[in-house]
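>>> Would you be able to build a 3D model of this:
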Amino acid sequence: MNGMRGRGGGYAGTGFGAGPRSHRAQKEDRKVAVTFGRGDGDQHCSGIQSLVLTAAGDRLFTASRDATVKRWNVEEGQRPRFETSFDGHSEWVNDAVLVRDKLLVTGSSDKTLRVWDAHSAGHQMLSRQSHSDYVTALAASPVEALVASAGLRAEVCLWDLKQSPEKLTSLKLFPRDPSKEKGSMYAVALSSAGTLVAAGSSDDITRIFDARSGKKVMKLKGHTGNIRALLFNAEGTRLLSGSSDHTFKLWDLGLQRCIQTCGVHMDSVWSLVASDNFNVVLSGGRDKCVYRTNMLNRTSELLFMEEHPITKMAASPSGGSVWVATASSSVNKWNIPVKLPTDSSLWNAPDGSKAVPGRPHLLHASHRRSSDVSKLLDPLQPNPAATITGLPAIIDRAVLRNQRHLLLKDQTGEVTLLDVTSGRIVKNYGVVDFKTMEADLFEPNSVPKWFDHDNRLGMVTVTLETPKCFFAEVYARDFGVDAPEDRRMNYGDGMLRGVFATWAFHRKPEFLEHAPGDSMDLWGKGWADAEGRTMPSFRFWERTRPAVWVSSTNTEGEVWRASVQMLPKAVNDREDIPEWVAECVLRLRIPTQKSWKCSFHLIPLDDSLPQLNQSRLTAPRILQIRKVSQYLKQKLLELDPPVNVEIPPVDFTDVTNDPYYTEKRDSDEPYQEVVLTCKDYALPFSMSVGSVIEYIWREGDEDLDIMYCMRGREFPLPDIPPRVS
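Numbers count the residues shown, from 1 in each chain. Predicted structure coming up:
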């Protein structure tokens, strides 16, 4: 078989690195990120950044910080139902819009804009990276197939989706000269006719562009904080803007000035929804409140309060309800009373009065509150009408000293233990103190750091780069594998070969005699456990587990992401797979690391025992003191005359059940009991040589001295305080 065809073309043979030299250099610099999914994939597990409803209001799309967009059936009278997930972004999905109800367009912190078939099972049509930094906001014209995108570094782009996918390019509206512009864009709006683009910046200015010429036509100044929300009226003659200065403003574009300012919020205004004529405005933001403001008499009602800051709202076509996205992974639907306050006496409220007498949910829009809203106003709606429940995001993490387990804490306070080599939760401790549990789990292991980790997506992501990911080794038996006692395996090697297993089976001819699935054995003979199952860890291809996602960049610097199972179809070998990954996964070659081994001296503490013929030794850092004691015993017997010794086990835990104490010795020859020490501490058998160097020796680059002598004098065990992050 000559090779498999992925997106962007096929690749045959094993000629990785055969391209231009610059491409090879880029490959070596590229990292691989592995994200461990949670649940069945039908729930978000981090905050919702944006949401959008179809024109009929029966489908809802939610864009999340977990890097996914999900589609829900939200037909009236039925419980919300998950339909599909749109997966491809590798970072937060900051915004999503629908184009003519057919195309879903998403923008992300991975710098890409992606277009999907909105009513498919998650089919991505194209991906473009015209932004040099995060894409923060999107806007679509309901008439024209136009999308405007805004991002950091003050970038604003316009996309014409009538173009064929392969020809799709963007028109950069701003900045014309990147060296002269500062700040970032956090809001964008597009008029219904697609003729005007509004972009709100961190410099407190809203800029209006002519979408046809690409030229800036005006600036709107008046806010004293970042512009966070923008909205055109149906005719494109007026504009609403929400800001970090706690206000939202109404602008007349013909007059190029503000005609109303509403200051009902006590924090940033992040989302605006309005009637076509702008007579009624819903506003929400960081203070967790949603107000309905009658722009004719400038009175506001507190409709409801969320538990988390509000990031985006989407009103139903009838206006009778609104879906609300927050920093939570759940989404709420709130019903909205139809009738608006019309009492003309509201205009005559005494100066300084905030709540309208007899109507504790009402507030004069020109008054700004300075205290907690819940103490002043009663919301019209105490509870949501429907909820799409998400999983609590991971908010804290700590890698244990074995560099294999991560202690995790989620938003509910629940603490769990994740095994990085399997991507599974192996222990649930419930709601406990995180730092206390980290200290309780401390063991004096010394394993080099071989991965970076983060929880930006509400899930755990580990990042691998060469050569760091190959720094750490472990004995195969530590994984429960029935392998030779001295057989070692490399963490990074195991991780990469597990993550890219399905790709390798489609890619490497000699793998093809095996069927991809649970029977795959990437490690050869001798890697089975007692039940004969191959390699208990690194089995990321199994479909009975939460999804595992892998992402990297191609030779052009563009981000790609795919599930482990879909890698053979999702990646282009030549462009997407880093050379160092191919070396490991296909050619089974990894770079040798100095960190694997160390040197130490094995010398007598006094004259009670003779010196060995060779006292300076080199061994793997993971070699346990138990093995050092066996070596010492053997070498003392090889001396002339031989010295017969026994070395009783010493450890932090009870060793009275050790075979040394429970089994009868075969020989009746006299022997001497010996103890191994360092810095006048008895060395526990479970410690590795590397651990002794890190926790007891602590002499920098100097070779470790392990002493031995006859037992008689008492040597205490080392007192090693827990190290926590």
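>>> okay, CA-based contacts and neighbour counts for the rest of this
Noted.
>>> Okay, buried residues for stretch 622-639 please.
Of the residues in stretch 622-639, 622-626, 628-629, 632-633, 635-636 count as buried by neighbour count, 16 or more other Cα atoms under 10 Å.
>>> what helices or strands is the longest helix seen in the chain leaning on?
Assignment by DSSP state H gives helix 625-637 as the longest helix of the chain. Under the contact criterion of 3 or more Cα pairs under 8 Å, 6 or more residues apart in numbering; DSSP states H and E, helix 625-637 touches strand 645-646.
>>> what pLDDT, on average, does the strand it packs on get?
Across strand 645-646, pLDDT averages out at 92.
>>> what's next to it, contact-wise?
For strand 645-646, the external contacting residues (Cα atoms under 8 Å, 6 or more residues apart in numbering) are 633, 636, 671-674.
>>> quick one: low-confidence parts of the stretch 351-500 of the chain?
351-376 (pLDDT under 70).
>>> quick one: the strands in it?
Ranges of strands in the stretch 351-500 of the chain, per DSSP state E, counting those that start in this stretch, are 355-356, 359-364, 386-388, 394-399, 405-410, 414-419, 424-431, 452-454, 460-464, 473-475, 488-490.
>>> try the stretch 551-700 of the chain
559-563, 597-604, 616-620, 645-646, 672-678, 681-682.
>>> neighbouring strands for the fourth one, and are they parallel or not?
Spelled out, that is strand 645-646. Strand 645-646 sits in its sheet next to strand 672-678 (parallel), going by DSSP bridges.
>>> so how far is the partner strand from its chain's centroid?
In terms of Cα atoms, centre = their mean, to the nearest Å, the centre of strand 672-678 is set 49 Å apart from its chain centre.
>>> Just the residues contacting that strand, thanks.
629, 644-648, 682-683, 696-697, 705-711, 715.
>>> Next, the buried residues of that strand.
Here strand 672-678 shows 674-678 as buried, counting by 16+ other Cα under 10 Å.
>>> Pull out the C-alpha coordinates of it and format them as PDB.
Taking only C-alpha atoms (Å, rounded to 0.1, in the frame of the first residue of the first chain), the coordinates of strand 672-678 have been written out as PDB:
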ATOM      1  CA  GLN A 672      26.600  -9.600  57.700                       C
ATOM      2  CA  GLU A 673      23.700  -7.100  57.500                       C
ATOM      3  CA  VAL A 674      24.500  -4.000  55.500                       C
ATOM      4  CA  VAL A 675      22.800  -0.600  55.200                       C
ATOM      5  CA  LEU A 676      23.000   1.900  52.300                       C
ATOM      6  CA  THR A 677      23.200   5.600  53.300                       C
ATOM      7  CA  CYS A 678      23.500   9.100  51.900                       C
END
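>>> tell me the average confidence for it?
Taken as a whole, strand 672-678 carries a mean pLDDT of 94.
>>> What angle do helix 625-637 and it make with each other?
Orientation of strand 672-678 against helix 625-637 (axes from the mean of the first three to the mean of the last three Cα atoms, to 10 degrees) gives an angle of 130 degrees.
>>> What residues of stretch 303-321 count as buried?
303-306, 308-316, 321.
>>> Could you export the residues you listed as JSON lines, including distance to S50 and pLDDT?
Formatted as JSON lines, the buried residues of stretch 303-321 follow (distance: Cα to Cα, whole Å; pLDDT from 0 to 100):
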{"residue": "L303", "distance to S50": "20", "pLDDT": "96"}
{"residue": "F304", "distance to S50": "19", "pLDDT": "96"}
{"residue": "M305", "distance to S50": "18", "pLDDT": "97"}
{"residue": "E306", "distance to S50": "15", "pLDDT": "97"}
{"residue": "H308", "distance to S50": "14", "pLDDT": "97"}
{"residue": "P309", "distance to S50": "12", "pLDDT": "98"}
{"residue": "I310", "distance to S50": "10", "pLDDT": "98"}
{"residue": "T311", "distance to S50": "7", "pLDDT": "98"}
{"residue": "K312", "distance to S50": "5", "pLDDT": "98"}
{"residue": "M313", "distance to S50": "8", "pLDDT": "98"}
{"residue": "A314", "distance to S50": "9", "pLDDT": "98"}
{"residue": "A315", "distance to S50": "13", "pLDDT": "97"}
{"residue": "S316", "distance to S50": "15", "pLDDT": "96"}
{"residue": "S321", "distance to S50": "17", "pLDDT": "96"}
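>>> Reformat those into CSV and put distance to H44 and secondary structure next to each item.
Putting those into CSV (distance: Cα to Cα, whole Å; DSSP: H, G, I helix; E, B strand; the rest coil) gives the following:
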residue, distance to H44, secondary structure
L303, 26, strand
F304, 23, strand
M305, 21, strand
E306, 18, coil
H308, 15, coil
P309, 17, coil
I310, 16, strand
T311, 15, strand
K312, 16, strand
M313, 17, strand
A314, 18, strand
A315, 21, strand
S316, 22, coil
S321, 22, strand
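>>> Which one of the residues you listed is nearest to P610?
Nearest to P610 out of the buried residues of stretch 303-321 is H308 (Cα to Cα; 71.2 Å).
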